[in-house]
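J.: Take a look and give me a structure for this.
(2 chains)
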Amino acid sequence: MREIIAAVFIIGGLLVFILSLIGVFRFKYVLNRMHAAALGDTLGLGLIVVGLIILSVNFFTSAKLLLIIFFFWLSSPIATHSIAKVEMLTNKNYEERVHEK
Amino acid sequence: MSVFMKTVLEISIGILAVGICIIFVRAIKGPRFTDRIVAINMIGTMTTAIICLLATYLNTVSLIDVSLVYTLLSFLAVVIICHVVSLHHKGRELFLKRRGTEAEEK
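T.: All right, here's what the predicted structure looks like:
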């Protein structure tokens, strides 16, 4: 029973990763692609790690896996923010590129 | 661990590896460098997921520490690249503005 719940979580995480992959390829501009990439960063990794926590038996293993989710949810918005800042700073004609999509 | 769970882990590791190969195409093709940085960020995420799955598959707890360090290093790489590029751009704009004012004075 426990393994079936863990498998459902892991397959859900894989589906989110595949969706974010499709999004990165089908969007046309960086600021849209970033949205699709952040999906896999938070929800995909979160679902996979929750499935592995359900599967693990040791307490310290679960604690380390929780620490991975914590660091990722802390660091992914900062990385996305700095990429968007660089894009706004260096691209001179970003407004017409946003409006034509 | 049962045979069913081992099969699920193997298939998910395979799908994530294929996904890394596909996202490399975006990292090569991307029209601007920010596309490439987004692709590299996503490769880091997928590698973290693969290492976590592998730690459960091989029943090796110490691989989770490797995954933790990998997370922090990929985050640090992205932030440092963005900082260096923005500093370079600001310096270049300052240089161009100063050269323009010098040309006006002459």
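
J.: Quick one: mean pLDDT for stretch A:41-48?
T.: Average pLDDT, stretch A:41-48: 90.

J.: Quick check: end-to-end length of that stretch?
T.: End-to-end distance of stretch A:41-48: 11 Å, with CA to CA, to the nearest Å as the criterion.

J.: which SSE is the residue positioned nearest the centre of chain B in?
T.: Chain B has B:Asn41 as the residue nearest its centroid, 2.4 Å off, counting by CA atoms, centre = their mean. Secondary structure from DSSP states H and E places B:Asn41 in helix B:33-58.

J.: So which elements touch that helix?
T.: Here helix B:33-58 touches helix A:2-26, helix A:30-39, helix A:45-55, helix A:59-90, helix B:3-29, helix B:62-105, going by 3 or more CB pairs under 8 Å, 6 or more residues apart in numbering or on different chains; DSSP states H and E. C-beta coordinates here come from the backbone N, C-alpha and C atoms, glycine included.

J.: could you redo the last one with a cut-off of 6 Å?
T.: Packing contacts for helix B:33-58, counted by 3 or more CB pairs under 6 Å, 6 or more residues apart in numbering or on different chains; DSSP states H and E, involve helix A:30-39, helix A:45-55, helix A:59-90, helix B:3-29, helix B:62-105.

J.: Just the buried positions in it, please.
T.: B:34-57 (16 or more other CB atoms under 10 Å in any protein chain shown).

J.: circling back to that earlier point, give me the pLDDT value at the residue nearest to the centre of chain B.
T.: At B:Asn41, the model reports a pLDDT of 90.

J.: and what of the one 5 residues further on?
T.: Looking at B:Met46, its pLDDT reads 91.

J.: what ranges of chain B fall below the confidence cut-off?
T.: Nowhere does chain B drop to pLDDT under 70.

J.: ok, 80 please
T.: B:1, B:30, B:104-106 (pLDDT under 80).

J.: of all the residues in chain B, which ones are close to chain A?
T.: Listed as neighbours of chain A in chain B under the rule CB under 6 Å from any CB of the partner chain: B:5, B:8, B:12, B:15, B:19, B:26, B:34-35, B:37-38, B:41-42, B:45, B:49, B:52, B:56, B:61, B:64, B:68, B:71, B:75, B:78-79, B:82, B:85-86, B:89.

J.: how does it look with 7 Å?
T.: B:2, B:4-5, B:8, B:12, B:15-16, B:19, B:22-23, B:26, B:32, B:34-35, B:37-38, B:41-42, B:45-46, B:48-49, B:52, B:56, B:61, B:64-65, B:67-68, B:71-72, B:75, B:78-79, B:82, B:85-86, B:89 (CB under 7 Å from any CB of the partner chain).

J.: which residues touch the residue most central in space within chain A?
T.: Among the residues of chain A, the one closest to the centroid is A:Asp41, at 1.5 Å (CA atoms, centre = their mean). Contact analysis of A:Asp41 by CB atoms under 7 Å, 6 or more residues apart in numbering or on different chains lists A:Phe72, A:Ser76, B:Thr45.
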